[in-house]
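> Any chance you can model this:
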Amino acid sequence: MSEHTFITGKDAALEDTIARVQGQLTALGFDIEETRWLNPVPHCWSVHIRDKNCSILFTNGKGASKKAALASALGEFVERLASQYFFGDFHWHREQTTHDGIKHGVHDPRERWFTIDHPGVRPEGLLDDALWRHYLADEYRITTKDWVDFNSAVTDAVCALPYARIRDGQTLYFPANVVGNLYVSNGLTAGNTVFEARTQGLSEVFERFVKNRVIAESIALPQIPDDIVARYPTIATAIAALRGHGFGLRLLDASLGGKYPVICVTLIDPQSGGVFASFGAHPNFEVAFERTVTELLQGRALDDLHAFHPPTTDQELVSDPQNLELHFIDSSGWLSWDFFRDTPDYPFVHWDFTAENNEAGFKRLCDIVHAEGYDVYVADYPHIGLYACRILVPGLSEIYPVDELYERNNNVGLSLIPYVERLDELTATECAHLFETMDDMDMDWLMPMPDVVGLAIGADHPWASLRFGELRA
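Predicted coordinates for the structure are as follows:
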């Protein structure tokens, strides 16, 4: 009789999930290999997987067991494949995005294309008036070129993708450029069922929102009492093992008074004085707690826990968007001493947002969002035979400030691509134009050129280490 392992929050056994995803990926032509397993303490597993034939297609997974970590990594592979997030940093060629002058399914078969004929004036069908203002489109008097997407070669129209608003079911079209620049992977998830995935995606949105707020405002969180921790033996065992290796841990309720389903675990390294904070979210307290602990160690051996910053008194540094970006990427940013105050800003709450199933759980999470005055938008990605989705909560789930649409938009490199594609054929006049174009870009000279123009290249490629300033010089 085959084994079936069920864990809280999942709508299928781990064995069934792994078999189904591996089978579908194989059928689609992918050859997935597991390249690095870590199990530094009991009940904390992580794995790195990738496609054997294309190493840029990789993901990581974590869990309290080996099977849970593999299922997590495979789920992340599905979400990034189905949404094309794997390819979001790269520029695609013209022949891939147009045919006979007609635009076809660049990002999604359901996409629509818009032109902004009058600066700052919203074309009918793109977003709505409130979202238009939220993205400062009227204030910056945007034109089509401001929101053209980086991936396609289409520079005369804005590609927009359909998202369903949960509150009323209305479909609105969001520019692919806006989604890619502001939200990156936040709210992107896969699952055994629609509502398992949506619950996880919205939980992730809460996790990042609370994490940003706690760090930026240096909120002191209440500790989880020892008797509560003892109710979760596998988590308690992992924590005891980490402490046995000499690390200090602060186990914190990050619900901000019972409002959000979020936990925080902060690690303190007595050797270096370094600290870092891991956050996790789920309607179930135990699941959120477990995710926070496994996230703490995902992709990290114990020796990797000595490289974090000590706390700082520089509040401006802590709240800087670039510091928050580091926390989003790998939790390597700065934390304030105020975050470690003994007197918390909120009381401890042993919260519970669980419902009878994931559909009801998702509704409960949406109710929290709606009560705060925000809306939930969902894009479904079922087309590879495995369900994935992306959840946006404008005003709450942005990873980057809205101003960055106009100050650091990733489409800035589009103007260089016509030159880069034929660099060895440029005339003296064209070289002068290239120099002038680069001079006007206000780009960090240390920016890798492959990132600027969206090149997918290997480490041994001549351009792999080329910097913007080197090409300009």
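
> Flag the shaky bits of this structure, pLDDT-wise.
The chain contains residues with pLDDT under 70 at 1, 93-104.

> Need phi/psi at the residue nearest the centre of the chain.
Centroid-nearest residue in the chain: residue 185, 2.7 Å away (criterion: C-alpha atoms, centre = their mean). Phi and psi for residue 185, reported as degrees, to the nearest 10, are phi -100, psi 0.

> now residue 330
In terms of degrees, to the nearest 10, the main-chain angles of residue 330 are phi -150, psi 20.

> Neighbours of it, how many?
12 (other C-beta atoms under 10 Å). In this view, the C-beta of every residue, glycine as well, is placed from N, C-alpha and C.

> Return the distance of it relative to residue 31.
28 Å (C-beta to C-beta, to the nearest Å).

> what's the burial count for residue 435?
Neighbour number of residue 435 under other C-beta under 10 Å is 14.

> Touching, it and residue 471? I think so.
No. If you go by C-beta atoms under 8 Å, residue 435 and residue 471 don't touch, sitting 9.6 Å apart.

> Is it correct that residue 35 falls within a helix?
No. The assignment for residue 35 (DSSP: H, G, I helix; E, B strand; the rest coil) gives strand, which keeps it out of a helix.

> hang on, isn't it packed against residue 50?
Yes. When contacts are counted by C-beta under 8 Å, residue 35 is listed as touching residue 50 (6.0 Å).

> more neighbours, those two?
Taking neighbours as other C-beta under 10 Å, residue 35 and residue 50 compare with residue 50 leading, 21 against 12.

> got a list of what the more buried one touches?
Shown in contact with residue 50 (C-beta atoms under 8 Å, 6 or more residues apart in numbering): 32-33, 35, 57-59.

> same thing with residue 165?
Here residue 165 is in contact with 171-172, 375-377 (C-beta under 8 Å, 6+ apart).

> bridging residues for it?
Counting by DSSP bridges, residue 165 is bridged to residue 377.

> Would you mind measuring from it to residue 337?
Residue 165 sits 42 Å away from residue 337, going by C-beta to C-beta.

> ok, now residue 347?
Taking C-beta to C-beta, one finds residue 347 at 22 Å from residue 337.

> ok, these two, which is more surrounded?
Using other C-beta under 10 Å as the criterion, residue 347 and residue 337 rank with residue 337 on top: 15 against 10.

> The more buried one: what's its closest spatial neighbour, skipping adjacent residues?
Leaving aside its sequence neighbours, residue 337 sits nearest to residue 311 (C-beta to C-beta, 6 or more residues apart in numbering; 4.5 Å).

> again, but for residue 123
Residue 123 sits nearest to residue 114 (C-beta to C-beta, 6+ apart), 4.8 Å away.

> my guess is that neighbour contacts residue 121, does it?
No. Using C-beta under 8 Å as the test, residue 114 is too far from residue 121 to be in contact (11.5 Å).

> Name the residue in the two with the higher neighbour count.
Between residue 114 and residue 121, counted using other C-beta under 10 Å, the more crowded position is residue 114 (19 against 13).

> Packing partners of the lengthiest helix in the chain?
Across the chain, the longest stretch assigned as helix under DSSP state H is helix 194-217. For helix 194-217, the packing partners by 3 or more C-beta pairs under 8 Å, 6 or more residues apart in numbering; DSSP states H and E come out as strand 188-190, strand 262-268, strand 275-281, helix 315-319, helix 321-330, helix 358-371, strand 377-381, strand 388-392.
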